[in-house]
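> Provide a 3D model corresponding to the input given below.
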Amino acid sequence: MPETILSIDIGGTFIKSALIDHLAAVEMLEKVDTPDSLPEFLASLEGLIRAHDSQITGVAIACPGTIDTDTGFVHKGGLIPYLKNYPLGQYLQDTVQLPISVLNDADAAGLAEAVYGELKGCSLGAVLVLGTGVGLALVSDGGLISLQEIAGKGLLTPFEDKTSTDQTRTLFQDLGQMFDLHIRGLRSLMDNSGSAVQFIKRASQELGLRDVDGKAVFEALEAGANHQLLDMFKDYCHQVAVLVLNLRTLFQLECVLIGGGISQQPLLIQEVKRQYQELLEVEKTDFDNDLDILACQFHNQANLLGAYRFFQDKYKKLNG
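You can find the predicted model right below:
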């Protein structure tokens, strides 16, 4: 029987799952609410795995937070606090007796696009995942890349430090400035309710909708009659564009992809690009190359596909 992997994308709002075969063909399964407690969460995952254990040879997980990819240990739970300092990979492996891999969800999206999608062959690209929170992955030449590797390839943008007479900058000084800018960019997004989920919630309230409805929100934006809604949308896209500019200032990027379910809306990509161009004019910033800003090819399936690819790479290495 051809190898089939159960891929699970754990989000702050939903858990999505799919069966992915040896040709990387995705068969979507279900989307359920993310439980509020660890026991409910584990029971949900175990039930999902056992429902398909006769069809699968392993489980690939994309999860928020800081992950030890060798063991599947979640050091920081990100948007799911009860996963902090939890051995998710080892627990599931012991419980269901199947190979398990766990990868940060943004890294999963980045890996999918680097291997199969828009960033295939890109020397340095970034993926911004807009969901319940904001995730970032950096990729190069078909795989994920670390900050140290970026510096080693000479792809950090040189800093002009006008406050110091010392012309020699260390990697750690550059990374210090980079982290400061990145954290400020993320904080700006979150302070402005910048997650895609929060924007859609606020926009639905503005429209007086009984339920949160992203489709209705973008239909109203296309109609253009609600000026307050348009202002909210432009402000949201401006904050995303600020983060894109911060990243471009730090790295010699060729392309930034916007991911998450909201990336399926062409209007979002158009407005982020417009806001980014306005920022370039205001900041009078001149880069060596133009930056492509595109939607992820796989949208909200990217995490599932990237988790699958990471599983394949991990167990191929383990099995020699």
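> What ranges does the stretch 51-200 of the chain have for its helices?
88-96, 105-115, 147-152, 171-191, 196-206 (DSSP state H, counting those that start in this stretch).
> where in the stretch 201-320 of the chain is pLDDT low?
288, 317-320 (pLDDT under 70).
> Helices of that one, start to end?
Under DSSP H, counting those that start in this stretch, the stretch 201-320 of the chain gives helices at 214-223, 227-250, 266-283, 302-318.
> before we move on, back to that, check the helices of the stretch 51-200 of the chain for me: which has the lowest mean pLDDT.
Lowest mean pLDDT within the helices of the stretch 51-200 of the chain: helix 171-191, a mean of 51.
> From G47, how far off is K316?
29 Å (CB to CB, to the nearest Å). Using the backbone N, CA and C atoms, a C-beta is placed for each residue, glycine as well.
> ok, now L88?
Taking CB to CB, one finds L88 at 16 Å from G47.
> if you count what's nearby, which of those two comes out ahead?
L88 (25 against 10; other CB atoms under 10 Å).
> Tell me the spacing between the more buried one and F14.
Taking CB to CB, one finds L88 at 17 Å from F14.
> likewise Q270?
Applying CB to CB to Q270 and F14 gives a distance of 26 Å.
> who's more crowded, those two?
Between Q270 and F14, counted using other CB under 10 Å, F14 has the larger neighbour count: 17 against 12.
> thought L19 was touching I8?
No: under the criterion of CB atoms under 8 Å, L19 makes no contact with I8, lying 10.7 Å away.
> the more surrounded of these two?
More crowded of L19 and I8, by other CB under 10 Å: I8, with 25 against 18.
> quick one: which helix or strand includes that one?
strand 4-10 (DSSP states H and E).
> Sheet partners, orientation included, of that strand?
With DSSP bridges as the test, strand 4-10 is paired with strand 14-21 (antiparallel), strand 58-63 (parallel).
> And the shortest one, what's buried?
Counting neighbours by 16 or more other CB atoms under 10 Å, one finds that the buried residues in strand 58-63 are 58-63.
> same question, stretch 276-295
By neighbour count on 16+ other CB under 10 Å, the buried set for stretch 276-295 is 276, 279-280, 291, 293-295.
> Including distance to H227, could the residues you listed go into TSV?
Listed next are the buried residues of stretch 276-295 as TSV, based on distance: CB to CB, whole Å:
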residue	distance to H227
Y276	23
L279	22
L280	26
L291	30
I293	25
L294	28
A295	26
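> mind giving me the domain split of the chain?
4-105+301-318, 118-296 (automatic domain parsing).
> Count the residues that sit near V115.
By other CB under 10 Å, neighbour count at V115 equals 20.
> With D53 instead?
14.
> where does it fall, phi/psi-wise?
With angles defined as degrees, to the nearest 10, D53 sits at phi -70, psi -20.
> I'd guessed it sits against L98; true?
Yes: D53 is within contact range of L98, at 7.0 Å (criterion: CB under 8 Å).
> related to what we said a few turns ago, tell me which of the domains of the chain sits most buried.
domain 4-105+301-318 (a mean of 19; mean count of other CB atoms under 10 Å).
> Are we agreed that E27 is in a helix?
No: counting by DSSP: H, G, I helix; E, B strand; the rest coil, one finds E27 to be strand, located in no helix.
> which residues touch it?
E27 makes contact with 18-21, according to CB atoms under 8 Å, 6 or more residues apart in numbering.
> do you know how far it is from Q301?
From E27 to Q301 the distance is 11 Å (CB to CB).
> shared neighbours of those two, which are they?
A18.
> The closest residue to I56 other than its chain neighbours and L305, how far apart?
Spatially, and ignoring its direct neighbours in sequence, I56 is nearest to L6 (4.6 Å; CB to CB, 6 or more residues apart in numbering). Using CB to CB, L6 is found at 13 Å from L305.
> what does D211 give?
29 Å.
> what's the answer for L243, then?
With CB to CB as the criterion, L243 and L305 are 24 Å apart.
> T34 and D9 touch, don't they?
No: with contacts counted by CB under 8 Å, T34 stays clear of D9, the gap being 10.4 Å.
> okay, and the common contacts of these two?
Joint contacts of T34 and D9 (CB under 8 Å, 6+ apart) are I15.
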